[in-house]
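Novice: mind folding the following:
(chains A, B, C and D)
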There are 2 protein chains.
Amino acid sequence: MMHDEVVARLRHVLTEGEIPPGARIPERELCASFAISRTPLREALKVLASEGLVVLLPNRGSRAAKLTQKDVKELFEVCEALEAAAGELACPRITDEQLGEIAELQARMVEHYRARDLLSYYRCNRLIHEAIVRAADNAVLAGFYESIAARIRRARFITPMTPEHWALAIQEHEGILNALQRRDAGGLAHILRTHLRRKREEVVLAGFADANDR
Amino acid sequence: MMHDEVVARLRHVLTEGEIPPGARIPERELCASFAISRTPLREALKVLASEGLVVLLPNRGSRAAKLTQKDVKELFEVCEALEAAAGELACPRITDEQLGEIAELQARMVEHYRARDLLSYYRCNRLIHEAIVRAADNAVLAGFYESIAARIRRARFITPMTPEHWALAIQEHEGILNALQRRDAGGLAHILRTHLRRKREEVVLAGFADANDR
DNA sequence: TTACCAGTTTTTGAATTCAAAAAGGTTCCA
DNA sequence: TGGAACCTTTTTGAATTCAAAAACTGGTAA
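Specialist: Next comes the predicted model:
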């Protein structure tokens, strides 16, 4: 197995999989399940630690990182900057095909909203944000976004929403698609910022992060 | 030696030290010079590869990354977004002490400009930008900035400047300090963007990056 | 009981070892 | 001479080994 593949699989286990934040990372088990020795696994652990997904405790193993309130604040601040930048860059660069794709996702998302299917809603939501970043056509930006997104994924795409917030989010997404279609870079950046700032408030209110852990 | 220390030393060798972009990374020599075995060195290599400073060629060793024109474009675009965000966040957060520090650096930088001492000028310049990022008080942002900055350092802080550009850069820095002192977040973000966009043009004109390598 | 300690086991971090791949060198032949 | 085939050496990636640190265990004494 390739080094990058180990990193990807480990990242997946940490962000979508069975190891919850704060939990010990079972080195032996993972070695067995990936069918590799400790050397390549530990290399992957160091990489993910440098991304902030893993915490290395000297001589005491590694744990899945747990977000503090400060982390959430910082991650959302940077995510806001990155998504706004992505929006601005995407406006002049996005192809009609990409626009169509996003419009399609948007329609599906509205369907899920009507059905009050939060999980499917979030899945479309996430794909839309990722599509905008992709349309910005900047690999460095995409890499940073992916790294941030991985860290706040649980907070961002699991937090429940009040009916009012949910309706508002839908409205904002109409605005996002609209700004994209009009190629209104400034407008799009502004809506994206507002959209994320609201989401952040919601996550903080939901008390997703721990105030006291590191 | 600690893992993070190995990463830091290797990063230093790659960004300020003797291994130029595109050059082979001499694993054996570095192991000897750091007095460690290959295992921890290779862990550090993987981490720096994930940051983009090192390129791993399967079965053919690793090389110091070389910037393509596309890389330069992408890195500057993201750097712009990050510095603008840092400026916006710094305005309400910066302490008087930090402001004084930057004013001090600015004065020294002007001195170096008067003496046409490019190297010392760049050193102050870099410290000012780093101080603004620090004043934003966001560790995630600072980490990303450091990672981007490491990659474009050679381009950004080595490229020679025409007398006109240099004078303009000085002017812009007056504007930056001024906006900070007025706590004018929007204004500061705008100047920082302009400032970096101009620098990017200069770097591209100087033909720093290779068009054909990866 | 409960706090503490010695001895054992497990885990961790890093050096070493090992097999496979690549690079380098030599010989042989057209 | 040029180059193709073969063998040797070096380098690479990853498993294994090893020493040190931490965690666990059972026993002892207050």
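Novice: can you name every helix or strand that the host helix or strand of A:Phe144 contacts?
Specialist: In the assignment (DSSP states H and E), A:Phe144 maps to helix A:139-156. Here helix A:139-156 is seen to pack against helix A:3-15, helix A:38-51, helix A:69-93, helix A:118-135, helix A:185-205, helix B:69-93, helix B:139-156 when contacts are counted using 3 or more Cβ pairs under 8 Å, 6 or more residues apart in numbering or on different chains; DSSP states H and E. For the C-beta atoms, the positions are set from N, CA and C on the backbone; glycine is no exception.
Novice: go through these and name the closest to A:Arg28.
Specialist: Closest approach to A:Arg28 among the helices and strands packed on helix A:139-156 (Cβ to Cβ): helix A:38-51, 8.2 Å.
Novice: roughly how far does the residue of chain A found nearest DNA strand D sit from A:Val6?
Specialist: Residue nearest to DNA strand D within chain A: A:Ser37 (2.6 Å; Cβ to the nearest atom of the strand). According to Cβ to Cβ, to the nearest Å, A:Ser37 stands 11 Å off from A:Val6.
Novice: and what of A:Val203?
Specialist: On the measure of Cβ to Cβ, A:Val203 and A:Val6 end up 30 Å apart.
Novice: ok so A:Ile176 is a strand residue?
Specialist: No. Counting by DSSP: H, G, I helix; E, B strand; the rest coil, A:Ile176 is located in no strand; its state is helix.
Novice: count of neighbours near the residue nearest to the residue of chain A closest to DNA strand D when sequence neighbours are not counted?
Specialist: Nearest residue to A:Ser37, sequence neighbours excluded (Cβ to Cβ, 6 or more residues apart in numbering or on different chains): A:Cys31, at 6.3 Å. A:Cys31 sits with 16 neighbouring residues when counted by other Cβ atoms under 10 Å in any protein chain shown.
Novice: what of A:Lys46?
Specialist: For A:Lys46, using other Cβ under 10 Å, the count is 24.
Novice: distance check, it against A:Ala169.
Specialist: 37 Å.
Novice: for A:Glu146, same thing?
Specialist: A:Glu146 is 22 Å from A:Ala169, by Cβ to Cβ.
Novice: over to A:Pro20?
Specialist: Applying Cβ to Cβ, the value for A:Pro20 to A:Ala169 is 26 Å.
Novice: ok, now A:Pro58?
Specialist: 42 Å.
Novice: repeat for A:Asp117
Specialist: For A:Asp117, the distance to A:Ala169 - Cβ to Cβ - is 14 Å.
Novice: centre of the chain to stretch A:137-144, how far?
Specialist: Counting by Cα atoms, centre = their mean, to the nearest Å, stretch A:137-144 is centred 14 Å from the centre of its parent chain.
Novice: and the residue of chain A positioned farthest from its centre, how close does it get to chain B?
Specialist: The outermost residue of chain A relative to its centre, with distances by Cα atoms, centre = their mean, is A:Asn59 at 30.7 Å. To chain B, A:Asn59 is 11 Å away according to Cβ to the nearest Cβ, to the nearest Å.
Novice: in terms of helices and strands, where is that residue?
Specialist: Going by DSSP H and E, A:Asn59 is not in any helix or strand.
Novice: cool, and A:Pro160?
Specialist: Using DSSP H and E, no helix or strand contains A:Pro160.
Novice: what residues does chain A have near DNA strand D?
Specialist: A:1-3, A:36-40, A:59-60 (Cβ under 7 Å from any atom of the strand).
Novice: top of these by neighbour count?
Specialist: The most crowded member of the residues of chain A next to DNA strand D, judged by other Cβ under 10 Å, is A:Pro40 (19 neighbours).
Novice: enumerate every residue touching it.
Specialist: By Cβ atoms under 8 Å, 6 or more residues apart in numbering or on different chains, the contact set of A:Pro40 is A:1, A:3, A:6.
Novice: re the thing from before, of A:Pro58 and A:Ala169, who's got more company?
Specialist: Looking at A:Pro58 and A:Ala169 with other Cβ under 10 Å, you find the greater number of neighbours at A:Ala169, namely 18 against 8.
Novice: could you measure from the more buried one over to chain B?
Specialist: Distance from A:Ala169 to chain B, by Cβ to the nearest Cβ: 23 Å.
Novice: number of residues surrounding the closest residue to DNA strand C within chain A?
Specialist: Residue nearest to DNA strand C within chain A: A:Gly61 (2.4 Å; Cβ to the nearest atom of the strand). Counted with other Cβ under 10 Å, residues neighbouring A:Gly61 total 13.
Novice: near DNA strand C, which residues of chain A show up?
Specialist: A:24, A:27-28, A:38-39, A:42, A:56-62.
Novice: related to what we said a few turns ago, between helix A:38-51 and the helix or strand hosting the residue nearest to A:Ser37, find me the angle.
Specialist: Secondary structure assignment for A:Cys31, by DSSP H and E: helix A:27-34. With axes from the mean of the first three to the mean of the last three Cα atoms, to 10 degrees applied, the angle from helix A:27-34 to helix A:38-51 works out at 110 degrees.
Novice: now do the same contact list for A:Asp137.
Specialist: Counting by Cβ under 8 Å, 6+ apart, A:Asp137 has contacts A:89-90, A:93.
Novice: is it in a helix, a strand, or coil?
Specialist: coil.
Novice: next: A:Arg63.
Specialist: Per three-state DSSP, A:Arg63 ends up strand.
Novice: near it, how many other residues are there?
Specialist: Quick note: A:Arg63 (other Cβ under 10 Å) scores 16 neighbours.
Novice: pull out the buried positions in stretch A:93-104.
Specialist: Neighbour counts using 16 or more other Cβ atoms under 10 Å in any protein chain shown place A:94, A:98-99, A:101-102 of stretch A:93-104 among the buried residues.
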